[in-house]
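[1] with the input below, show me the fold.
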Amino acid sequence: AELISAIRNNDHQKVIDILISNFEQSGKKYSQSAYVIGREFIRLNQYEVGRKWFRKAKIRNKKFNLYGSQIELDIRKCNEYLFAKGDSRFKEGDYYSARELYTLASTRIGEKEKMYFSAYLRFACVYCKIGDYVDADQSTLQALQHHHRTDLALILNKLIVKMLNKKKQTPNREAEIDNVKKEIDRCIAVIMTELHDS
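    From the prediction side, this is the model:
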């Protein structure tokens, strides 16, 4: 009765609390309870926590496949949200938050999903923006190795290598660095637009 009342009142947190206390504390744990808890966290816009519960549901679902591909679709929805939120922070110029969200989104996802979201390329862009060209270089190399938008990753990698080489003392060093930064910024703008549009 308490659960039905919480569902009717759209009290998502109460539904979660009831399900956890009644179905997650004992030795028997069900794919249905984990799945519903995941859905309730999504309704609370807590996509990262929701994704954790969907992963539990996926493991439990192997015994009796009740959900087919639905759990995978919900996990992807969570990943899309987290990457999109990172893109939004990136667009606002909050690069450290964007990096944090990309890290969160990339945690425990397979290479196929990383490729789908061009995760390494997103990391390369954010590292460039915070001035960490060594990690940006590593990220573009990972993007190339795992075939994340190879054409764009290659262009960005060449510019990053150019930037790393400009760190050496030359007479026009400051002007050269400034020019390469502008090239990198233009390249990143193209990359982020393409990633957002795809």
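[2] tell me the contacts of Ser31?
    Neighbour list for Ser31: 57, 60-61, 63-64, 66-67 [criterion: Cβ atoms under 8 Å, 6 or more residues apart in numbering]. Heads up, the C-betas are built off the backbone N, CA and C, glycines and all.
[3] hmm, which of the residues you listed are the buried ones?
    For the contacts of Ser31, a neighbour count by 16 or more other Cβ atoms under 10 Å gives the buried set as 57, 60-61, 67.
[4] just to check, Asn61 is in contact with Ile71?
    Yes. Using Cβ atoms under 8 Å, Asn61 is in contact with Ile71, at 6.0 Å.
[5] circling back to that earlier point, and the buried ones among the contacts of Ser31, which two are the farthest apart?
    Arg60 and Tyr67 (9.9 Å; Cβ to Cβ).
[6] hmm, what's the outermost residue in the chain?
    Pro171 (41.6 Å; Cα atoms, centre = their mean).
[7] where does the chain dip in pLDDT?
    Within the chain, the ranges that satisfy pLDDT under 70 run 167-170, 198.
[8] recalculate using a threshold of 90.
    In the predicted model, the chain carries pLDDT under 90 at residues 1-11, 18-33, 59-69, 107-112, 148, 164-178, 195-198.
[9] tell me where it has strands.
    Ranges of strands in the chain, per DSSP state E: none exist.
[10] need the helices for it, in chain order.
    Here the chain has its helices, by DSSP state H, at 2-8, 12-23, 31-43, 47-61, 70-92, 95-106, 111-116, 119-129, 133-145, 150-165, 173-197.
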